[in-house]
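J.: sequence first, then the predicted structure:
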Amino acid sequence: MEPGSRLEAESAQPREIDDLTLRRAQHGDERACRDLVVHYQRPVFALLGRLLCGAGRTGLVEDLAQETFLRVFRELPRFSIVGAARLSTWILTIATRRALDELRRRRLPPARLLDAADIPSADRPDDVAERRDLCAAIERAAAALPAESRAVFVLRDYHDLEYQEIARALEIDLGTVKSRLWRARAAIRAAVTEASPAAPEASDE
């Protein structure tokens, strides 16, 4: 992790689909609906995976992704193209709420957040072991976070949502978003420092 930067994620906010495709999907056009799913399914699966996925949870992630898109299409005709919310943020909000509902209902044990491949390296052979150790340290810290704090962390540092977007998604105030994110990053930073004292700290931005 570089100072002053958030965690790099291949599934960060995608470029939005074009307005014509969106309007067609809102009117039930089959091809447009399929294009919408293809366009947004990767970040949805990534988000659900980071909040829920662990041993034996692949099926649960798939089920919740399907439920997410079913709800998306039920509510899509009422989505405002000229509104403040981006379509990607709106979809990720639905996925996040489904994940949190499931965590609360089932009281699932904490999830894995990362694979070693998520952490940038200089591509030297000895970096592989260091990346695995760092990944394990971050996973342990993330596993200890309450589900709501983990959601804030994932939405901000992996999916690049703004603070106000996270507040709307989780139905909490802005101050709560910032305090939960600070605590989550502090836990991650402490774990990384313990695993590798020379490792750069995560950003608080």
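T.: Sure, I can see it. Numbers count the residues shown, from 1 in each chain.
J.: got the residue ranges for the helices in this structure?
T.: Counting by DSSP state H, the chain has helices at residues 19-26, 30-52, 58-75, 87-106, 125-143, 147-157, 163-170, 174-195.
J.: wait, which of the ones you listed is closest to I81?
T.: Closest approach to I81 among the helices of the chain is made by helix 19-26 (6.0 Å; CB to CB). C-betas here are computed from N, CA, C, even on glycine.
J.: so which bits of that closest one are buried?
T.: The neighbour-count check on helix 19-26 (16 or more other CB atoms under 10 Å) flags T21, L22, R24, A25, Q26 as buried.
J.: sorry, back to before: out of the helices of the chain, which gets the lowest mean score?
T.: Ranked by mean pLDDT, those end with helix 125-143 in last place, scoring a mean of 70.
J.: and that one, what's buried?
T.: For helix 125-143, burial by neighbour count (16+ other CB under 10 Å) applies to E130, R131, L134, C135, A137, I138, E139, A141, A142.
J.: include distance to I81 when you put the helices of the chain into JSON lines, please.
T.: Listed next are the helices of the chain as JSON lines, based on distance: least, CB to CB, whole Å:
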{"stretch": "helix 19-26", "distance to I81": "6"}
{"stretch": "helix 30-52", "distance to I81": "13"}
{"stretch": "helix 58-75", "distance to I81": "14"}
{"stretch": "helix 87-106", "distance to I81": "8"}
{"stretch": "helix 125-143", "distance to I81": "35"}
{"stretch": "helix 147-157", "distance to I81": "23"}
{"stretch": "helix 163-170", "distance to I81": "17"}
{"stretch": "helix 174-195", "distance to I81": "25"}
